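>>> Prediction below, plus the sequence it came from.
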2 protein chains.
Amino acid sequence: MSTQQATQQEVGGPSGGKRRLIKAALQLAARDGTTLSAVGLREMAREAGLNHNTFYRHFRNAEDLIAAAAEEISAQLMVGLKAVRQSAARHADATVGAVEYFLDFVEANPDVIIVGTRELHSLNSPMRPVLQGVLETIAKESVEQITSQNLVKLESREQLFQVSLDITRYMFSHGLDLIDHPQEREAIAAKLVAHIRRQFLGSIAVQQLETRRQRDAIST
Amino acid sequence: MSTQQATQQEVGGPSGGKRRLIKAALQLAARDGTTLSAVGLREMAREAGLNHNTFYRHFRNAEDLIAAAAEEISAQLMVGLKAVRQSAARHADATVGAVEYFLDFVEANPDVIIVGTRELHSLNSPMRPVLQGVLETIAKESVEQITSQNLVKLESREQLFQVSLDITRYMFSHGLDLIDHPQEREAIAAKLVAHIRRQFLGSIAVQQLETRRQRDAIST
DNA sequence: AATCAAAGTATCCAACTGTATACCTTACTG
DNA sequence: CAGTAAGGTATACAGTTGGATACTTTGATT
């Protein structure tokens, strides 16, 4: 008890059975178009090249596997989408930069997008709150970046947060379109950029309307 | 062959086995949080109170059932969302009227929303193209109404269509939030209304920017 | 070198699944 | 009234699943 050591890999044993099982689960769910909870532990042990009982060495239930997969997806998304924002900062047009980098991420990690999108829109999925939290975190960090760089002149931080959240969710959902029609990447990128511009401009317009209304109320 | 009659109900036999099976499939998929393709015909026959072999009297495969369910969902959505637009026309604030009516529809048909939303975001789901078609049809009709009533002064019909499509999809996706948190209906309604206003105002702003750019290009 | 826990394997079981075949009931037909 | 077709039922079968129990391998520690 007193001489514990974590010298090994942080997750997964020598042959990384745990990680292989999670990876297999994601692959199968993405390939067969099912929810993670419908994959079946025997099937994914087969895909991972393991005996089906090895599953119980790493997880108790199927829920346990799903929770672990949620963290896996969450981590990948956090890294990927954070990189999206950073790359946007280095781009002449921040919006275009963010969209292009995001589409790169989608093409590089299709399984994460496929499974994540479906689980995000699956009521009662244990992954849904986790993914919602990821999107909110990304949106918050995005707000920080936008305000610190004065990219958009918006006073209400809450409104800016809502806009960022909507945009993040919109991009996330439209990752499927790219996977479905890889040759139409340009059109999809254009659609995303147009949506983002519309959102920010609309947000500014709403703010102007509100301040004007307040001014009128005072002057009356 | 020459003396066919369609005096019976349009779909389903005397006891409506076909419709009952579809209904059971939707209920189970909504309850268990799975895809329709993962429900299992035996399970839904049980839910419908029928022998599990009766399934084959009405459908060949599971795909056949899914296709029929797609039409069922499609029909319900078409009727429901069309009613949304019509109710908006009779309302002082068209946006608020549409949102309220839509939320009523969600509360009345939660299963359709739950299953439809998940299938819409499930890559390779046979229902996905059907649902996308439904959303596009709704958006088109919405454009007709908007232009005929001059509700929004937008020249580009294509841009208006894109905005309508985004809004429809946004409302559809956020039906889950209402089912998940029924007591927060007001907040959800406010969020939807804000989103729609932002979209239209942003669209107008984009148009103004473009025309201004064209004018500058001419005068230079 | 002996030990010990983690990871992986082999085998077994009850329950469930999709499918096939055969039978019954109902209602409408010529 | 005999016939016929659709909807529904009963039973049986092979394959798969999740889970339990017992065994072997691995690799690191003392």
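Arrived safely, thanks for sending. Residues are numbered from 1 along each chain as shown, chains lettered A, B, ... in the order given.
>>> So the residue nearest to residue A:87 when sequence neighbours are not counted versus chain B, what's the distance?
Nearest residue to residue A:87, sequence neighbours excluded (Cβ to Cβ, 6 or more residues apart in numbering or on different chains): residue A:101, at 4.2 Å. Placement of C-beta: from N, CA and C, glycine included. Residue A:101 sits 21 Å away from chain B, going by Cβ to the nearest Cβ, to the nearest Å.
>>> Neighbours of residue A:101, how many?
Neighbour count for residue A:101, taken as other Cβ atoms under 10 Å in any protein chain shown: 20.
>>> from the chain's centre, how far out does the longest helix along chain A sit?
The single longest helix within chain A, with elements called by DSSP state H, is helix A:185-219. Relative to its chain's centre, helix A:185-219 lies at 24 Å (Cα atoms, centre = their mean, to the nearest Å).
>>> now do stretch A:52-60
28 Å.
>>> before we move on, the earlier item: pretty sure the residue nearest to residue A:87 is touching residue A:84, no?
Yes - the pair residue A:101 / residue A:84 is scored as a contact, 4.6 Å apart, by Cβ atoms under 8 Å.
>>> ok, now which ones touch residue A:125?
A:35, A:36, A:37, A:119, B:33 (Cβ atoms under 8 Å, 6 or more residues apart in numbering or on different chains).
>>> If we use 10 Å, what do you get?
Residue A:125 makes contact with A:35, A:36, A:37, A:66, A:70, A:118, A:119, A:131, B:33, B:34, B:118 under the criterion Cβ atoms under 10 Å, 6 or more residues apart in numbering or on different chains.
>>> just the residues you listed now: which is nearest DNA strand D?
The nearest member of the contacts of residue A:125 to DNA strand D, counting by Cβ to the nearest atom of the strand, is residue A:37 at 9.4 Å.
>>> In contact with that closest one, which residues are there?
A:25, A:29, A:62-63, A:65-66, A:119, A:122, A:124-127, B:32-34, B:38.
>>> and the residues you listed, which are buried?
The neighbour count (16 or more other Cβ atoms under 10 Å in any protein chain shown) marks A:25, A:29, A:62, A:65-66, A:119, A:122, A:125-127, B:33-34, B:38 as buried among these.
>>> re the thing from before, for DNA strand D, state which of the contacts of residue A:37 is nearest.
residue A:62 (6.0 Å).
>>> In chain A, what residue lies closest to chain B?
Per Cβ to the nearest Cβ, residue A:202 is where chain A lies closest to chain B, at 2.6 Å.
>>> How about the contacts made by the nearest residue to that residue once chain neighbours are set aside?
Of all residues not flanking residue A:202 in the chain, residue B:202 sits nearest, at 2.6 Å (Cβ to Cβ, 6+ apart). Contacts for residue B:202 (Cβ under 10 Å, 6+ apart) come out as A:163, A:194-206, B:163.
>>> ok, these vs DNA strand D, which is closest?
Out of the contacts of residue B:202, the member with the shortest distance to DNA strand D (by Cβ to the nearest atom of the strand) is residue A:195, at 39.5 Å.
>>> what about the helices in chain A?
So, for chain A - with DSSP H - the helices run A:17-32, A:41-48, A:55-58, A:62-89, A:94-108, A:110-120, A:127-149, A:157-173, A:175-180, A:185-219.
>>> can you tell me which of those helices comes nearest to DNA strand C?
Nearest of the helices of chain A (Cβ to the nearest atom of the strand): helix A:17-32, 2.7 Å.
>>> that older thread, overlap between the buried ones among the contacts of residue A:37 and the residues near DNA strand D?
Subset of those in contact with DNA strand D: residue A:62, counting by Cβ under 7 Å from any atom of the strand.
>>> any idea which of the buried ones among the contacts of residue A:37 is closest to residue A:54?
Nearest to residue A:54, judged by Cβ to Cβ, of the buried ones among the contacts of residue A:37 is residue A:65 at 12.2 Å.
>>> Without its sequence neighbours, what residue ends up closest to that closest one?
Here the residue nearest residue A:65, using Cβ to Cβ, 6+ apart, is residue A:59, at 4.7 Å.
>>> Run through the residues that contact the residue nearest to the spatial centre of chain A.
Residue closest to the mean C-alpha point of chain A, counted by Cα atoms, centre = their mean, is residue A:77 at 4.5 Å. Going by Cβ under 10 Å, 6+ apart, residue A:77 touches A:105, A:109, A:112, A:113, A:116, A:130, A:131, A:134, A:135, A:137, A:138, A:172.
>>> Any figure for the gap between it and residue A:106?
Relative to residue A:106, residue A:77 is positioned 11 Å away (Cβ to Cβ, to the nearest Å).
>>> One more: residue A:201?
Applying Cβ to Cβ to residue A:201 and residue A:106 gives a distance of 25 Å.
>>> any weak-confidence spans in chain A?
A:1-15, A:219-220 (pLDDT under 70).
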